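Colleague: Show me how the following folds:
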Amino acid sequence: MYGLDEKRNQVLDFVNEVPEEQAHLKPGEDQWSILEVLEHLYLMEQLVVYQINQAIKQGDDHQASEKPLHRTTDRDYKVEAPASVRPKGEFMNLDDAKEGLKKTRESTLSLVNNKEQETLKNRAFPHPAFGDLSLEQWIEFIGWHELRHLDQMKEVRAALNH
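Modeller: Residues are numbered from 1 along each chain as shown. All right, here's what the predicted structure looks like:
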């Protein structure tokens, strides 16, 4: 659904190849470790689910045009992560991170499976780069966002192995 499983599996396939000690290392002072990137993904999905629930509760129909979400993976376009989704050291190891990601995904799927598709299409809230996104596109965005950061984790690993 929305390509979420396929994209998450790509992230997990990569993470399962990362040695635990490497997950904690940062290639530079101003860069995130792989574990911190995973925490960011967890925080982001948690926030999106919260925002979707808020938009549904407010109940205002609001149409948003389709946005080219696949562009999320373009890492030449930099977006500063809001403070609320910056890593805070919540995960001690990769197992913690995988468990956190599993929980947020369960919340996302529960939301998707218990809401009318019409509701998800007819409500929206703003995204910092794309402008207004429908709730449906927000759900799809989660997967594209994960692929963006999968590329980041690959860059981190390559820098550490250099």
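Colleague: And the helices in this protein, which stretches?
Modeller: Under the criterion DSSP state H, helices of the chain are mapped to 4-15, 20-23, 34-58, 94-113, 117-121, 135-161.
Colleague: Please name whichever of these is nearest to Arg71.
Modeller: Closest of those to Arg71 is helix 135-161, at 8.2 Å (criterion: C-beta to C-beta). For the C-beta atoms, the positions are set from N, CA and C on the backbone; glycine is no exception.
Colleague: tell me the average confidence for that closest one?
Modeller: Averaging pLDDT along helix 135-161 gives 95.
Colleague: Just give me how far that helix sits from the chain centre.
Modeller: Counting by C-alpha atoms, centre = their mean, to the nearest Å, helix 135-161 is centred 7 Å from the centre of its parent chain.
Colleague: now it against helix 34-58, angle please.
Modeller: Computed by axes from the mean of the first three to the mean of the last three C-alpha atoms, to 10 degrees, the angle separating helix 135-161 from helix 34-58 equals 170 degrees.
Colleague: on that earlier part again, among the helices of the chain, which is nearest Ala81?
Modeller: Ranking the helices of the chain by proximity to Ala81 (C-beta to C-beta) places helix 34-58 first, at 6.3 Å.
Colleague: The closest one packs against which elements?
Modeller: The helices and strands touching helix 34-58, judged by 3 or more C-beta pairs under 8 Å, 6 or more residues apart in numbering; DSSP states H and E, are helix 4-15, helix 20-23, helix 94-113, strand 124-127, helix 135-161.
Colleague: need the contact list for Lys115.
Modeller: With contact set as C-beta atoms under 8 Å, 6 or more residues apart in numbering, Lys115 has these partners: 56, 135.
Colleague: Would you mind giving me the confidence score for it?
Modeller: We have a pLDDT of 85 for Lys115.
Colleague: Make 4 the starting number, not 1.
Modeller: Sure thing, new numbering starts at 4, so read that last one as Lys118.
Colleague: From Glu102, how far off is it?
Modeller: According to C-beta to C-beta, to the nearest Å, Lys118 and Glu102 sit 25 Å apart.
Colleague: still on that earlier bit, most tightly packed of the helices and strands packed on helix 37-61?
Modeller: helix 138-164 (a mean of 19; mean count of other C-beta atoms under 10 Å).
Colleague: Could you figure out how far that helix is turned away from helix 97-116?
Modeller: Using the same axes, to 10 degrees: helix 138-164 against helix 97-116 is 160 degrees.
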